[in-house]
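In: Using only what follows, build the 3D model:
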Amino acid sequence: MVNQTYTADVLVVGGGTGGTAAAIQAARRGAKTILVSEFSWLGGMLTSAGVSAPDGNELEAFQTGLWGAFLQELRQRQPGGLDNSWVSFFSYDPRIGAEIFANWVQELPNLHWISGQVPIEVYRQSDSITGVRFADFAVTAKIILDGTELGDLLALAEIPYRWGWELQSEWGESSAPVNFNSFTKRYPVQAPTYVVIMQDFGDAMSTTGVAAAPEIPAAPNYNPSEFTGAWDSYGAETFLNYGRLPGGRFMINWPICGNDYGQGLGRLIESDVSRGEFIQESHWHSQNFAHFIQNQLGRRYGLAEKVFPHTSTAFALHPYYRESRRLVGLTTVREQDILPIAKGRVASIFNDAIAVGNYANDHHYPGVQFSLQPKSIRWGGRWTGTPFTIPYNSLIPATTDGFLVCEKNISVSHIANGATRLQPVVMGIGQAAGMAAAMCVELNCQPRHLPVRALQTALLADNRSKTAIIPLFNLPPNRSDWLHWQLYYLNNPQAYPDSGYCPCPSENEYPDSAFDKALIRESNCFKGIFSRLDRQEYRFAITAPAAYQGQNWQLVTLRSHIDEQLSAYPHEQLVTLWGRYNHFGNWLLVEHLNGG
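Out: Next up is the predicted model:
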């Protein structure tokens, strides 16, 4: 029974990565906004799903918008910094991430957050969505956004969506299958992971040598053969350090004979009961993996304590869903749209671009190696991915008004979803959707009629969290000519360089900004011999400080002008560097360098 009906300009359903960003941006723009979340933490993949070692948009030039602001907050709040794992340049306690989002929401008086609720019914008037009913209240709004983890509003509103694979004949995607087969039937979407956080209790060992970690019980369906060989190619220490978090904790989100779970994936959208069964099984699967890890590596390792706000404090609040129902939108992002153009290092840009990504196309099917067209490139002494853009029209239903999507549920092919699903991309999608929703309210128009250039300009010029919509390797957001070049390529898309570099002066020609000086202050000074092993592969033999003398580290950077300097630096020369050493990736993240 509906006991109360709220009215808002913008309603966001789902407090995941995209939904949280959308609600914050809509409210900051001035719209009266209601955010309804299922869980008590906001942030989804970045927090409540436990994936607090995010991938993608790691280069300095792509750290913009709410994503860049989130990283800045993490740097200020996370004791010990973010250089803890080797899978990501940013790993942190998920509680701190949740705290940041909660703080951002609390500072907005026009944003009303209601947690612990899921949508039950969607209200329609003809071809327009007008409201959503929950257990004991309803919300009507001018624009409604689906930020649920699995695109639940799409189903409730009977808005056309996709689930599963498209054949090669659909869009000519070279990685798509020619025919449906037993593999596509077994894995209609990518496998989720129920993240569990483990902890090193080694320092708490008693004088008898017995570890303090409580025993991790096996779940009812334990089968150790499912996990045999999980870290054989890496070694146990490297395996644990994959998702190492501060405080001797480890994010267990491991794809090789690990805790990805893909049994009966269709159950996720069949019914509430079948979804609950899948979630329980995936939780057990991660519990069994943790049990296996403890049995193999010893009682030094146990379940982390007091991480997530429920009884099973080591387990995320919900699975990490890599794929959702996917909207049938005005534009669909295909594999071709995320791959590098011929002889280039960037994808072609959409005229209605509203967000950027750069991750490799990464698919998860337990026990199966699935080959995809490569989009990885060497940059900054390491591997990264071809930058690409997300079009605004992929957020808009083909035939329905009053509605936008803002999560992994955009209009995207199954193949391309492997690159568009990452946390920073989804955060950018959410920010754009929230801005669009608020502007639709201001202009009294439907999302499909919103002038795209006005939306793009608003995102670029946002006074709190300006966000890049044209990916350029050498254009960090702190540069004075940043807006000029973003607008230039919006107005002249044919001039967008296939190298991804704009013809602007090197940052070396500018005096150090306050941003640069802050990075250097936070860094440590090292001296050593620079060696070039290959193009974009650098080593550093330490001569000082004495504590590291004789060690050899990999040199990496996220900064374009440092990348240029490393590319040109003489082989086997003395160099003085400022940076942050990651013990677990054995690399030095270079922020500044001088000659010897």
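
In: Could you use CA atoms for every contact and neighbour count after this?
Out: OK.

In: right, and His571 touches Arg535 too?
Out: No: counting by Cα atoms under 8 Å, His571 sits too far from Arg535 to count as a contact (11.5 Å).

In: which of those two has more neighbours?
Out: Using other Cα atoms under 10 Å as the criterion, His571 and Arg535 rank with His571 on top: 14 against 11.

In: which residues touch Leu422?
Out: 54-56, 359 (Cα atoms under 8 Å, 6 or more residues apart in numbering).

In: Please identify, among those, the one with the most neighbours.
Out: Neighbour counts for these, by other Cα under 10 Å, peak at Tyr359, which reaches 26 neighbours.

In: Just give me the longest helix of this protein.
Out: Within the chain, and with DSSP state H defining each element, the longest helix by residue count is helix 272-297.

In: Now find how far off-centre that one is within its chain.
Out: Computed by Cα atoms, centre = their mean, to the nearest Å, the chain-centroid distance of helix 272-297 equals 23 Å.

In: just the helices in the protein please.
Out: With DSSP H as the criterion, the chain has helices spanning 17-28, 65-77, 94-106, 152-156, 168-171, 182-186, 236-241, 272-297, 417-420, 423-443, 452-461, 482-491, 514-521, 560-568.

In: and the longest one, what other elements does it pack with?
Out: If I follow you right, that is helix 272-297. Applying 3 or more Cα pairs under 8 Å, 6 or more residues apart in numbering; DSSP states H and E, one finds that helix 272-297 makes contact with strand 196-200, strand 301-303.

In: what angle sits between it and strand 196-200?
Out: With axes from the mean of the first three to the mean of the last three Cα atoms, to 10 degrees defining the directions, helix 272-297 sits at 20 degrees from strand 196-200.

In: Return the set of buried residues in helix 272-297.
Out: By neighbour count on 16 or more other Cα atoms under 10 Å, the buried set for helix 272-297 is 274-275, 278-279, 281-294.

In: same thing with the third one?
Out: Neighbour-count burial for helix 94-106, counted by 16+ other Cα under 10 Å, picks out 94-102, 105.

In: got it, and the second one?
Out: Residues 65-71, 74-75, 77 are the ones in helix 65-77 that count as buried (16+ other Cα under 10 Å).

In: how about the residues you listed in a markdown table, adding pLDDT?
Out: Shown next, in a markdown table, are those (pLDDT from 0 to 100):
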| residue | pLDDT |
| --- | --- |
| Gly65 | 98 |
| Leu66 | 98 |
| Trp67 | 98 |
| Gly68 | 98 |
| Ala69 | 98 |
| Phe70 | 98 |
| Leu71 | 98 |
| Leu74 | 98 |
| Arg75 | 96 |
| Arg77 | 97 |
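
In: Quickly check these for the two that are furthest apart.
Out: Distance extremes for those: the farthest pair is Gly65 and Arg77 at 18.6 Å, using Cα to Cα.

In: Now do the contacts for the residue nearest the centre of the chain.
Out: Among the residues of the chain, the one closest to the centroid is Gln423, at 1.5 Å (Cα atoms, centre = their mean). Contacts for Gln423 (Cα under 8 Å, 6+ apart) come out as 17, 45-46, 54-56.

In: Ala419 is in contact with Phe362, correct?
Out: Just so we're on the same page, residue 362 is Asp rather than Phe. Yes: judged on Cα under 8 Å, Asp362 makes contact with Ala419 at a distance of 6.3 Å.

In: okay, the two: which has more neighbours?
Out: Neighbour count, other Cα under 10 Å: between Asp362 and Ala419, Ala419 has more, with 23 against 19.

In: How about the contacts made by the closest residue to the more buried one other than its chain neighbours?
Out: In this structure, Ala419 finds its nearest non-sequential neighbour in Asn361, 4.5 Å apart by Cα to Cα, 6 or more residues apart in numbering. By Cα under 8 Å, 6+ apart, the contact set of Asn361 is 372, 374-375, 416-419.

In: With distance to Ala61 and pLDDT as new columns, can these be given to me in JSON lines?
Out: Formatted as JSON lines, the contacts of Asn361 follow (distance: Cα to Cα, whole Å; pLDDT from 0 to 100):
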{"residue": "Leu372", "distance to Ala61": "26", "pLDDT": "92"}
{"residue": "Pro374", "distance to Ala61": "22", "pLDDT": "87"}
{"residue": "Lys375", "distance to Ala61": "19", "pLDDT": "89"}
{"residue": "Ala416", "distance to Ala61": "23", "pLDDT": "98"}
{"residue": "Asn417", "distance to Ala61": "23", "pLDDT": "98"}
{"residue": "Gly418", "distance to Ala61": "22", "pLDDT": "97"}
{"residue": "Ala419", "distance to Ala61": "18", "pLDDT": "97"}
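
In: Low-confidence stretches in the stretch 151-300 of the chain?
Out: Counting by pLDDT under 70, the low-confidence segments of the stretch 151-300 of the chain come to 203-211.

In: Kindly report the same for the chain.
Out: Residue ranges of the chain with pLDDT under 70: 1, 203-211, 505-522, 595-596.

In: Quick check: bridge partners of Ala353?
Out: Pro391 (DSSP bridges).

In: And for it, the neighbour number?
Out: 23.

In: does it really touch Ser394, like I thought?
Out: No: Ala353 lies out of contact with Ser394 (Cα under 8 Å); the separation is 9.8 Å.

In: quick revisit: and which of the contacts of Leu422 is nearest to Ser85?
Out: The closest of these to Ser85 turns out to be Pro54 (Cα to Cα; 10.5 Å).

In: circling back to that earlier point, which of the helices of the chain sits closest to Pro217?
Out: With Cα to Cα as the criterion, Pro217 lies closest to helix 272-297 of these, at 6.3 Å.

In: Contact partners for Ile396?
Out: Here Ile396 is in contact with 329-330, 403-405, 447-448 (criterion: Cα under 8 Å, 6+ apart).

In: oh sorry, the question was meant for Val590
Out: Applying Cα under 8 Å, 6+ apart to Val590 gives the contacts 555-558, 562, 577-580.

In: What of Thr400?
Out: 127-129, 159.

In: Gly50 - nearest residue in space that isn't next to it in sequence?
Out: Closest to Gly50 by Cα to Cα, 6+ apart is Ala316, at 5.2 Å.

In: how about the strands of the stretch 201-350 of the chain, start to end?
Out: Applying DSSP state E, counting those that start in this stretch to the stretch 201-350 of the chain gives strands spanning 244-245, 249-252, 301-303, 326-327.

In: Do I have it right that Ile542 meets Ser531?
Out: No: the criterion here is Cα under 8 Å, and Ile542 misses it with Ser531 at 11.3 Å.

In: Now Tyr161: closest residue in space that isn't a chain neighbour?
Out: Using Cα to Cα, 6+ apart, the nearest residue to Tyr161 is Leu327, at 4.3 Å.

In: number of nearby residues for the one you found?
Out: If you count neighbours by other Cα under 10 Å, Leu327 ends up with 29.

In: So among the contacts of Asn361, which ones count as buried?
Out: In the contacts of Asn361, burial by neighbour count holds for 372, 375, 416-419, counting by 16+ other Cα under 10 Å.

In: Of those, which pair is most distant in space?
Out: Spatial extent of those (Cα to Cα) is set by the pair Lys375 and Asn417 at 13.6 Å.

In: can you give me the end-to-end distance of stretch 334-345?
Out: Stretch 334-345 has an end-to-end distance of 18 Å (Cα to Cα, to the nearest Å).

In: Please apply the same query to stretch 128-142.
Out: End-to-end distance of stretch 128-142 (Cα to Cα): 10 Å.

In: Next, the buried residues of that stretch.
Out: For stretch 128-142, using 16+ other Cα under 10 Å, the buried residues are 128-134, 138-142.

In: now these in TSV, with distance to Gly151?
Out: TSV is the format used below for the buried residues of stretch 128-142 (distance: Cα to Cα, whole Å):
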residue	distance to Gly151
Ser128	17
Ile129	15
Thr130	17
Gly131	16
Val132	14
Arg133	16
Phe134	16
Ala138	19
Val139	18
Thr140	19
Ala141	19
Lys142	20
